[in-house]
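Participant: here is a sequence together with a model predicted from it:
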Amino acid sequence: MARRPARPPKQPLRHAVAARMTADRCPSPPHRAHAQEHPRHRRSAGAGAGTGLGRAVRWVKAKPAERVPLPIGVGLYGAGGLAHLAELPALGIIPVTLGTALATYAVTVRRDETRATKAAAAIGAAGTWLAVSAELGPAFGPHAALTWAYCTLYATAYGIYRLDHGTRKAISWRRQKSEWHRLAARLGLGGSHLLSNEPTRLGERLLVDVTGTGRRASSIASSDLAERMAEHYGIPATRVKVSADKIAGRVRISVRHRDPWADPTPHPMLDADSEIVLPEVADAREPLIIGIDPETGRPLEIVVWDEDGAKHTLIVAVTGGGKSVLLNNKLERLTAADNVAVWGIDVSKAKEMRRWRKAFDLAACGPGDRVKALRMLEQACKAIDFRAANAGDEATFIPRPGHPLIEIVVDEMSALLGPNDNIGLATRQALAYITSKGRSEGVGVTLVGQRGTISQIGDTDIRTQINNIVLLKINRRTEMAHAAGDLGLELPDMTRYGEGHPGVALIATLDGTHSVGRTFFLKHLPDLDKLAADRRPSPLEPSLVAHLGEAYQRLKADTPAEGRNAQTRSAPSSLYQPEADAVPNTADPIATRMHAAAASREQTRRYLEALPDLPQPDAETAARLAEAAEIRRAQAAEQTEIPDDVRDRLLQLLAGDGTTVRQVETALEEMGVSRMGAWRFLDRLRLEGVAVLRGRGRGSRWHLTPEPTDQPDEREGNAA
Ligand SMILES: Nc1ncnc2c1ncn2[C@@H]1O[C@H](COP(=O)(O)OP(=O)(O)OP(=O)(O)O)[C@@H](O)[C@H]1O
């Protein structure tokens, strides 16, 4: 059996520690002082050790940017002397110099034109010196005047070289690298190398190669390195962020020397000197800018729509964490967009929401508007069904002017979704439908509250459909897990990140990306009034308006006076009669559950039926709305073409006693026409004067338009 080689004897601990300490103090580049102890430096330190030339080489290599030109200067002077001794012809040197300068310029100009010019100029100057000294001798003139001239000119050139931006950068980079080596030894990262160091607005961002440390980048990122660096710089631990780079063996370290949250950032629309400029007209298809990352100066953005459809967003923070300010920022952008119809709901105090409502398509503001909010959500469900049935070639709804994304914004979500009464139940059901089906039909939801728990959101079915999670100031890390699930454990700790400042927001998406920044300071009510003043709601597509019908028009017309009695439209509590629907206590648990479900459905139905209707608009408004609806209907009919087979079938149905809409829908469904399509075809026939609707409500029927009566002959003929 092969014997394993004997292990070398273990070093005494004292020697090992002494050797490590010497190595740890090692600055870069390597030096002889600890070459014996530091194996990685032994090779380089040994080269040329002891000889004068070796020492000179090491001296130059220690600070190459500063020292390389010095031996070049001496060498060039010597070369001038040799050229004179060898009696080289000056006229031969000049063309060689010119050729070399041109070749150098041509090779380097593509990479960096300034450097190419400087290199060509340096070669030209060196060639000129060689030519002059070959001709005259370097010590030509009284008191070796040519030598003095050379020294003066070279010293001047060296001074210019030291002032050059590139030289200063190289010197500073070398210093940073050697400083990093000293710091790394103190941080337990001996053997690591600085790859880059970029200044940021608040400090610096380092990229470090840690392969030489023998540790994995991920283990270094999750170690206490951030805290130790913060300790070194004397700053809060939250201002140092260490993360593994996407290339293995590298870590990224961001150090914010300045307090990022010291000053609020005014809203760009209210600040003429803002570094971020917001477009006057926003576009829902682009991320909406709601703040700024103070470290990079990059905008803090939130996505409301992408190619996969509308995004549902959950915004969570403790009281005073900055929810309203963030929401104001989002509403400002949504109402500035010409392809978004905002439906705002806040059934709590709704102080801020009331300021924006004139720019909303629909709004429910205040505790008395719970029923209205429910009706709005029901309309959203109808809109989803309608858009799904009339999508044409669009797999996913694409927002554009006159065909807008419907963004339902619910502030104080627990007030709307939390109550366990029948309105609460129906509201949660409607919202669960919207969040699960609305994405591809251009209906998005924003929910705002203090916690991301099911008791606040109301339903797991709603919670699981959220795509964007926005976290502001929170008290406990578990709150992040409530809002973001497992993802919450991987995100920056928002209990500490903002150092207690409100408005510091983390925006995370379910695919794992996140960004952090601070919202623009948009809080004061007069500022909201100023911004909302000229904003008008984006209109829905006319066909959808026609489909939603009178119920939508009434919601639109319902603009209650401020401070209306909160009780006027609240649910009559007497309707809830648990005894009436008592579930029989049977031994079969499935039967008991079925009974309970049926009783609950029945209660909800009775309750909703008994809810008072929204107030009727006044006569003038009603006439205006009816006229507008009629115009839109006529426009839709004008754009409708009836295929011949459908026209024949319709004429058959209309002949005789006429037909009901239901009969037309059923007949055309067999021909692949949607319900909405059936309505449009009937409207088209009416526009053409072929069909007419008689009667109202359920008893209404469509008939062929009677022939004109002022043709007595024909009538008589017919009668005959
Ligand atoms: N981006 C910000 N920059 C500076 N200060 C901010 C910012 N956001 C919020 N604040 C400060 O925090 C305070 C509370 O903000 P906000 O009203 O938005 O919190 P909230 O979470 O909505 O509170 P509540 O739950 O009580 O309604 C504001 O009055 C403002 O002074």
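Facilitator: Received it, and whenever you're ready, just let me know what you need.
Participant: next, count neighbours for Gly52.
Facilitator: For Gly52, the neighbour count with other C-beta atoms under 10 Å is 8. Quick note: C-beta positions are derived from backbone N, CA and C, even for glycine.
Participant: outline the domain layout of this structure.
Facilitator: Under the assignment automatic domain parsing, the domains of the chain span 55-163, 172-256, 266-532, 640-704.
Participant: using CSV, lay out the ones you listed together with mean pLDDT, mean neighbour count and distance to Glu627.
Facilitator: Converted to CSV, those look like this (pLDDT from 0 to 100; neighbours: other C-beta atoms under 10 Å; distance: least, C-beta to C-beta, whole Å):
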stretch, mean pLDDT, mean neighbour count, distance to Glu627
domain 55-163, 93, 15, 69
domain 172-256, 92, 17, 56
domain 266-532, 90, 20, 19
domain 640-704, 85, 15, 16
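Participant: how about those in CSV, adding distance to the ligand?
Facilitator: Shown next, in CSV, are the domains of the chain (distance: least, C-beta to the nearest ligand atom, whole Å):
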stretch, distance to the ligand
domain 55-163, 42
domain 172-256, 16
domain 266-532, 2
domain 640-704, 41
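Participant: what's the longest helix along the chain packed up against?
Facilitator: Counting residues, the longest helix found in the chain (DSSP state H) is helix 113-136. When contacts are defined as 3 or more C-beta pairs under 8 Å, 6 or more residues apart in numbering; DSSP states H and E, helix 113-136 sits against helix 69-85, helix 90-108, helix 145-163.
Participant: let me know which of these is the nearest to Ser543.
Facilitator: Closest approach to Ser543 among the helices and strands packed on helix 113-136 (C-beta to C-beta): helix 90-108, 64.7 Å.
Participant: report the angle between that closest one and helix 113-136.
Facilitator: Taking axes from the mean of the first three to the mean of the last three C-alpha atoms, to 10 degrees, one finds that helix 90-108 is oriented at 170 degrees with respect to helix 113-136.
Participant: what lies in contact with helix 90-108?
Facilitator: With contact meaning C-beta atoms under 8 Å, 6 or more residues apart in numbering, helix 90-108 is reached by 83, 115-117, 119-121, 123-124, 126-128, 130-132, 134-135.
Participant: 10 Å instead, please
Facilitator: In this structure, residues lying in contact with helix 90-108 by C-beta atoms under 10 Å, 6 or more residues apart in numbering are 83-84, 88, 113-136.
Participant: next, Asn197: secondary structure please.
Facilitator: Under DSSP: H, G, I helix; E, B strand; the rest coil, the three-state class of Asn197 is strand.
Participant: that one and Leu206 touch, don't they?
Facilitator: Yes: because the distance of 5.2 Å satisfies C-beta atoms under 10 Å, Asn197 is recorded as touching Leu206.
Participant: joint contacts of these two?
Facilitator: Contact criterion C-beta under 10 Å, 6+ apart; residues shared by Asn197 and Leu206: Gln176, Trp180, Ile253, Val255.
Participant: and the residues you listed as CSV, adding secondary structure?
Facilitator: Conversion of those to CSV gives the following (three-state DSSP):
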residue, secondary structure
Gln176, helix
Trp180, helix
Ile253, strand
Val255, strand
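Participant: of these, which is the nearest to Trp679?
Facilitator: Of all the shared contacts of Asn197 and Leu206, Ile253 has the smallest distance to Trp679: 63.7 Å, by C-beta to C-beta.
Participant: gap between the closest residue to the closest one other than its chain neighbours and Ser243?
Facilitator: Among residues not flanking Ile253 along the chain, Leu206 sits closest, at 4.4 Å (C-beta to C-beta, 6 or more residues apart in numbering). For Leu206, the distance to Ser243 equals 11 Å [C-beta to C-beta, to the nearest Å].
Participant: shared neighbours, these two?
Facilitator: Here Leu206 and Ser243 have Val251, Arg252, Ile253, Ser254 as joint contacts, going by C-beta under 10 Å, 6+ apart.
Participant: ok, which pair from the residues you listed is furthest apart?
Facilitator: Greatest spatial distance among these (C-beta to C-beta): Val251 and Ser254, at 10.6 Å.
Participant: quick check: neighbours shared by those two?
Facilitator: Leu206, Val242, Ser243.
Participant: quick one: secondary structure of the last one?
Facilitator: Per three-state DSSP, the secondary structure class of Ser243 is strand.
Participant: identify the bridge partners of it.
Facilitator: Arg252 (DSSP bridges).
Participant: can you name the residues that contact it?
Facilitator: Contacts of Ser243 (C-beta under 10 Å, 6+ apart): Ala217, Ser218, Ile220, Ala221, Ser222, Ala226, Val251, Arg252, Ile253, Ser254, Pro492.
Participant: how close does Asp361 sit to Thr446?
Facilitator: The spacing between Asp361 and Thr446, counted by C-beta to C-beta, is 15 Å.
Participant: please apply the same query to Arg375.
Facilitator: Distance from Arg375 to Thr446, by C-beta to C-beta: 19 Å.
Participant: with Lys63 instead?
Facilitator: Lys63 is 58 Å from Thr446, where distance means C-beta to C-beta.
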